[in-house]
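Student: Fold the following and give me the result.
(one chain, ligands or ions: 3)
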Amino acid sequence: MALQSARPTLRFFEAPTHGSLLLLLLSLQWVLLSRAQTADTGQGVVTPWLQRTSRDLSRQWPEPIVILPRALRGTEKKACPPGREVHVVDESLVFYSEWELEACVHGALLAEHMDQVNAVPFTYQQLNILKRKLDQFYPQGYPESLIQHLSYFFLEVTPEDIHKWNVTSLETVKSLLQISKGGKMDAQVAALIARYLVGGGQLDKVTLDMLASFHPTYICSLSPEQLSLVQQDVVWAVRPQDLDGCGPLQMDVLYHKAHIAFRNMSGSAYFARIKPFLGGASAEDLRVLIQQNISMDMATFKKLRKEALLPLTIAEVQKLLGPNLEGLKAEEGNSPVRDWIFRQRQDDLDRLGLGLHGGIPNGYLVLDLNIREALLGGSHLLGPGSAFTVIPTLLLAFILS
Ligand SMILES: *[C@@H]1O[C@H](CO)[C@@H](O)[C@H](O)[C@H]1NC(C)=O
Ligand SMILES: *[C@@H]1O[C@H](CO)[C@@H](O)[C@H](O)[C@H]1NC(C)=O
Ligand SMILES: *[C@@H]1O[C@H](CO)[C@@H](O)[C@H](O)[C@H]1NC(C)=O
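Tutor: Ligands and ions are numbered 1, 2, ... in the order given. All right, here's what the predicted structure looks like:
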């Protein structure tokens with residue numbers, strides 16, 4: 001506690017050695033490097049549409065690179081040949097070449113006769129063209145009247161398409177879920193559910209049961225706002241791996257949902273249920289768990305939120321982990337365990353007898369935590385903490401001396 005109030009003193013910067021300067025420069029470089037990498041991962045995301053398209057092509061053609069240019073060349077704008085105009089959707093269209101389909105079929109006709117489109121055994125390539133015609137006719141997204149009649153054509157749409165839709169009918173959702181079964185449609189299902197929920201729709205038990213037959217990866221596709229619209233019950237169907245893609249804000253919503261949903265349980269039964277959601281728990285929530293003697297496993301512990309873990313004392317962590325305490329050693333280099341160790345006195349850590357390193361050494365209390373973290377390349381560097389103001393100050397001191 002005395003540590004928190006101790007600010008860095010200027011004395012620390014009076015005589016920087018070459019060694020400490022080098023260390024700071026390295027730290028600074030590390031910060032810039034990791035920032036650049038963070039920025040990098042925000043880009044270069046392959047759109048679902050592209051993924052879907054390449055999947056479609058490879059499903060059909062072993063060498064999409066050879067086929068694709070030909071397909072495109074064949075569908076360049078040409079007028080529909082006399083006598084080939086299309087007024088009805090029927091089997092005769094199967095014998096139309098790709099460019100003829102492109103030139104002779106109108107999106108309005110397809111929208112009007114979606115039932116027949118689904119009844120004709122078109123090739124994937126032909127379906128791609130028909131879908132393009134439909135998309136050209138509805139650049140803002142399909143109207144709900146068409147969505148209701150899409151049936152198997154739903155398998156051709158991308159998540160991006162679906163995000164343009166308004167879906168207010170639970171019956172439509174259910175019929176599209178039915179069609180999506182076994183079709184690697186997880187992303188489309190996630191988009192469909194998101195659109196339905198954002199329009200104020202409620203999922204009933206039957207729909208949730210249907211969703212359970214998909215990998216509920218859709219749960220992390222929902223924004224925190226959408227998640228908050230999901231019924232409490234959905235957390236009963238969520239498997240731990242479904243939460244892997246959820247961010248802190250989503251976990252926050254899901255934890256509260258789960259906490260309420262599982263409130264009729266207690267002790268180890270409650271813990272078994274709430275475990276996958278604990279990445280959204282606060283320090284207070286963890287303190288309540290600690291009272292339950294639950295012996296948290298290390299896999300769960302290392303997924304706790306850093307902000308939830310940091311306020312816990314050594315005694316609390318000891319009680320939280322029980323016999324699993326020794327697992328801390330293997331995690332001592334990784335966040336959030338590293339960050340927690342970092343805030344403990346080394347003396348107290350030593351008393352655990354696990355050989356943990358990285359605590360606050362004796363007589364080292366002058367340093368501000370942020371600076372200590374800066375020197376050791378801790379993960380707090382990314383914030384605009386005092387470390388950033390310290391580095392230029394120190395460089396200046398070095399140049400002037
Ligand atoms: C969806 O609803 C909004 C608001 O009513 C409307 O502006 C939009 O055009 C609709 N989109 C489609 C594809 O129907
Ligand atoms: C808690 O409620 C759920 C459904 O709401 C039920 O399935 C479960 O059996 C209940 N558990 C206990 C211990 O009452
Ligand atoms: C947890 O363990 C302590 C000490 O072993 C015991 O006093 C307490 O009653 C236990 N709490 C629960 C909820 O089991």
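Student: what does the stretch 201-350 of the chain have sitting close to ligand 3?
Tutor: Residues of the stretch 201-350 of the chain found near ligand 3 (C-beta under 6 Å from any ligand atom) are 291, 292, 293. For every residue, glycine as well, the C-beta is placed using N, CA and C.
Student: nearest residue to the second one other than its sequence neighbours?
Tutor: By that I understand residue 292. Of all residues not flanking residue 292 in the chain, residue 267 sits nearest, at 6.0 Å (C-beta to C-beta, 6 or more residues apart in numbering).
Student: List the contacts of residue 87.
Tutor: If you count contacts by C-beta atoms under 8 Å, 6 or more residues apart in numbering, residue 87 has them with residue 109.
Student: can I assume it sits in a helix?
Tutor: No - judged by DSSP: H, G, I helix; E, B strand; the rest coil, residue 87 forms no part of a helix; its state is coil.
Student: Format the residues of the stretch 201-350 of the chain next to ligand 3 as JSON lines; extra columns: pLDDT and distance to residue 346.
Tutor: Shown next, in JSON lines, are these (pLDDT from 0 to 100; distance: C-beta to C-beta, whole Å):
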{"residue": "291", "pLDDT": "92", "distance to residue 346": "28"}
{"residue": "292", "pLDDT": "90", "distance to residue 346": "30"}
{"residue": "293", "pLDDT": "88", "distance to residue 346": "28"}
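Student: Let me see the contact set for residue 211.
Tutor: Neighbouring residues of residue 211 by C-beta under 8 Å, 6+ apart: 177, 189, 193, 203, 218, 234, 237.
Student: Dihedrals phi and psi, the last one?
Tutor: This means residue 237. Backbone torsions for residue 237, taken as degrees, to the nearest 10, come to phi -90, psi -10.
Student: Neighbours of it, how many?
Tutor: Neighbour count for residue 237, taken as other C-beta atoms under 10 Å: 13.
Student: Enumerate every residue touching it.
Tutor: Residues in contact with residue 237 (C-beta under 8 Å, 6+ apart) are 208, 211, 212, 216.
Student: And the pLDDT for it?
Tutor: Residue 237 is assigned 80 on the pLDDT scale.
Student: out of the contacts of residue 237, which are buried?
Tutor: 208, 211, 216 (16 or more other C-beta atoms under 10 Å).
Student: Narrow these to those in helices?
Tutor: In helices, judged by DSSP state H, the following of the buried ones among the contacts of residue 237 are found: 208, 211.
Student: Throw the buried ones among the contacts of residue 237 into JSON lines and include pLDDT, thanks.
Tutor: Shown next, in JSON lines, are the buried ones among the contacts of residue 237 (pLDDT from 0 to 100):
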{"residue": "208", "pLDDT": "75"}
{"residue": "211", "pLDDT": "81"}
{"residue": "216", "pLDDT": "73"}
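Student: Relative to ligand 1, which of the buried ones among the contacts of residue 237 is nearest.
Tutor: residue 211 (23.2 Å; C-beta to the nearest ligand atom).
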